[in-house]
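**Q** Just the structure for this:
(2 chains)
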Amino acid sequence: MSGRLPRPLVVPAVLGLVFLVLPLAGLLIRAPWSTLPARLAEPQVLQALRLSLVTATVATAICLLLGVPLAWLLARTAFPGRRLLRALVTVPLVLPPVVGGVALLLVLGRRGLVGSWLDQTFGVTLPFTTAGVVIAEAFVAMPFLVISVEGALRGADRRFEEAAATLGASRWTVFRRVTLPLITPGVLAGAVLCWARALGEFGATITFAGNFPGTTQTMPLAVYLALETEPEAAVVLSLVLLAVSVIILASLRERWVGGA
Amino acid sequence: MSRRLLRWALALPVLLALVPGCGAGEPGAASTASAPAAGGNAQKLTVFAAASLTGAFTELGKTFKDAHPGVTVEFNFGSSATLAQQIVQGAPADVFAAASPATMKTVTDAALAGAPATFARNKLQIAVPAGNPAEVGELEDLADAKVKVALCAAQVPCGAAAVKALEAAGLKVTPVTLEQDVKATLTKVELGEVDAALVYATDVIASGGKVTGIDFPEADQAINDYPIAALTGAPAGSTARQFVDLVLSARGKDVLTRAGFQVP
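**A** Take a look at the predicted model:
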């Protein structure tokens, strides 16, 4: 490191860090450590944790599958109304999640626009199922992925793609062999954000998928309900969720970015 | 140029803070009871009340304001358990009206309220969507596997009442969801996502005809008492007691009865 650290950057940076970390410290201080092992052993806790991890991961996979092409469309093509479309992508970010959940019910619910057709044709209803949890999480988390990937695409040097194209590669090949490797850090960052958002999702999930242990009760839902009667249990559950997500994200980051 | 702009940006919050009524929140929210306003002592009364009281208490709040000029009444409606937690954590409330004695106990155990008085009772009903597609007629129908049922989670008052009523009937019901509060449960019925739910009679009335309520005899085993108390540290002082008196008065009983409550 050369020279003195610039104060105008360091002071707000430290303040920002304290602001973000202090609430976590509050949780750690108030945590009833003595009852922690007993709480962890409760089958409902592990069930909720497993459900959270599985649904957040599946939701992230769906977001990657649909979100990366969508980001490509927004960044690499020109068509009328693209600005409006980009604004619409951020709707789930702005919408209060509970409203998002109601919106999902109105479309995919048993009496919803698409949901009633699904019910009559295939006998499939999505609310109150684990698939419903995945849908709610993907709905809320996808914008994080799309925005990250679109930013990465805009920042990527297009001359590599052009060079590949002049050498005869098709657009699909260019995307697969040149663009995707170029934007990998952006995609990974987006996937991490997306996964974290899906893991913490509460409002849309409880509204669209409901709350039932084993099928739709994820950790945030368990935390919320524990808060009603046992605030201490809620603190423990939150810490478990935090610890697991931090461990997973930290270890994955090492593997992907080589311990940056 | 940009430095001057920055200086202004930094000074702006300070300037705003100096202008009365320009702080965060609604006008008057930041000012305290000690600030004398033109035409009398401006005072604020903050009432924390269970979500199911929204309609009745909003009306009583207007009555109270008319009888006490210069007093503004602010409500914080929400889940009783959450409100109790907020009060215990130091939220500046004057009156607490809870949907269950257990949630009131959280506050009285912390010595934050005097002896509470029961001012209303709420009874469960079976709520079914318009048209009653599953043809639910009595509590037993909820045990049918083909009937999708929503209940409140056992941690919240309406869920505890539902458990009691079902136990009294000796029924085993497997719901598709255990909702976080009674309004969320009602929403599932209104949207037709479930065929039936157990909610309070007051919620059925508040839904304005979007759901139909069916009485059932076992509901008598699971009646919810609503306690109210003025808080000991009430910033509004004796005004808090006056609001409690209004709720317990004949006028209060009238408003509560119209909202579907039973009054003692």
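
**Q** Check the gap between the closest residue to residue A:231 other than its chain neighbours and residue B:91 for me.
**A** Spatial nearest neighbour of residue A:231, excluding adjacent residues (C-beta to C-beta, 6 or more residues apart in numbering or on different chains): residue B:85 at 6.3 Å. In this view, the C-beta of every residue, glycine as well, is placed from N, C-alpha and C. Going from residue B:85 to residue B:91 by C-beta to C-beta, to the nearest Å gives 9 Å.

**Q** More neighbours: those two, which one.
**A** Between residue B:85 and residue B:91, residue B:85 has the larger neighbour count (other C-beta atoms under 10 Å in any protein chain shown), namely 18 against 15.

**Q** I'd like the next helix or strand past the strand or helix carrying residue A:106.
**A** Element membership for residue A:106 (DSSP states H and E) is helix A:97-108. Where DSSP H and E defines the elements, the next helix or strand beyond helix A:97-108 is helix A:115-122.

**Q** List the buried residues in that next one.
**A** Neighbour counts over helix A:115-122 (16 or more other C-beta atoms under 10 Å in any protein chain shown) mark A:115, A:118-119 as buried.

**Q** how about the residue in chain A positioned nearest to chain B, what does it touch?
**A** Closest to chain B within chain A is residue A:210: 2.8 Å, counting by C-beta to the nearest C-beta. Contact partners of residue A:210, counting by C-beta atoms under 8 Å, 6 or more residues apart in numbering or on different chains, are A:127-128, A:132, A:216, B:150, B:176-179, B:188.

**Q** do residue B:113 as well
**A** B:96, B:104, B:107, B:229-232.

**Q** Check residue B:264 too.
**A** B:118-121 are the contacts of residue B:264 under C-beta under 8 Å, 6+ apart.

**Q** State the distance from it to chain A.
**A** Separation of residue B:264 from chain A (C-beta to the nearest C-beta, to the nearest Å) stands at 26 Å.

**Q** which ones among the contacts of residue A:210 are found in strands?
**A** The strands, defined by DSSP state E, take in B:150, B:177-179 from the contacts of residue A:210.

**Q** So which of the residues you listed reach chain A?
**A** Checking those against chain A by C-beta under 8 Å from any C-beta of the partner chain, the ones in range are B:150, B:177-179.

**Q** rewinding a little: now for the ones in strands among the contacts of residue A:210, which pair is the farthest apart?
**A** Distance extremes for the ones in strands among the contacts of residue A:210: the farthest pair is B:150 and B:178 at 8.0 Å, using C-beta to C-beta.

**Q** Which of those two has more residues huddled nearby?
**A** The neighbour count for residue B:150 versus residue B:178, taken as other C-beta under 10 Å, is higher for residue B:150 (28 against 24).

**Q** Give me the number of neighbouring residues for residue A:168.
**A** Neighbour count of residue A:168, defined by other C-beta under 10 Å: 7.

**Q** for residue B:104, same thing?
**A** Residue B:104 has 23 neighbouring residues, counting by other C-beta under 10 Å.

**Q** residues contacting it?
**A** By C-beta under 8 Å, 6+ apart, the contact set of residue B:104 is B:80, B:84, B:96, B:98, B:113, B:116, B:227, B:229.

**Q** Mind checking the pLDDT average for stretch A:38-45?
**A** What stretch A:38-45 shows for mean pLDDT is 82.

**Q** What is the end-to-end distance of it?
**A** Using C-alpha to C-alpha, to the nearest Å, one end of stretch A:38-45 lies 11 Å from the other.

**Q** and what of stretch A:196-215?
**A** Taking C-alpha to C-alpha, the first and last residues of stretch A:196-215 lie 20 Å apart.

**Q** if we look at the helix or strand hosting residue A:159, which residues are touching it?
**A** In the assignment (DSSP H and E), residue A:159 maps to helix A:158-166. Helix A:158-166 is contacted from outside by A:171, A:173-174, A:177-179, A:182, using C-beta under 8 Å, 6+ apart.

**Q** Break down the chain into its helices, ranges please.
**A** No chain in the question, so chain A it is. A:7-30, A:36-40, A:43-76, A:82-89, A:91-94, A:97-108, A:115-122, A:130-155, A:158-166, A:171-174, A:180-200, A:203-208, A:219-229, A:231-257 (DSSP state H).

**Q** actually it's chain B I care about, not the one you picked
**A** Using DSSP H, helices in chain B cover B:2-18, B:54-67, B:80-88, B:101-109, B:157-169, B:182-190, B:201-206, B:238-248, B:250-258.

**Q** okay if I get those helices as JSON lines plus mean pLDDT and distance to residue B:264?
**A** As requested, these are arranged in JSON lines below (pLDDT from 0 to 100; distance: least, C-beta to C-beta, whole Å):
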{"stretch": "helix B:2-18", "mean pLDDT": "46", "distance to residue B:264": "47"}
{"stretch": "helix B:54-67", "mean pLDDT": "94", "distance to residue B:264": "15"}
{"stretch": "helix B:80-88", "mean pLDDT": "90", "distance to residue B:264": "18"}
{"stretch": "helix B:101-109", "mean pLDDT": "92", "distance to residue B:264": "13"}
{"stretch": "helix B:157-169", "mean pLDDT": "92", "distance to residue B:264": "17"}
{"stretch": "helix B:182-190", "mean pLDDT": "92", "distance to residue B:264": "21"}
{"stretch": "helix B:201-206", "mean pLDDT": "92", "distance to residue B:264": "15"}
{"stretch": "helix B:238-248", "mean pLDDT": "94", "distance to residue B:264": "9"}
{"stretch": "helix B:250-258", "mean pLDDT": "95", "distance to residue B:264": "9"}
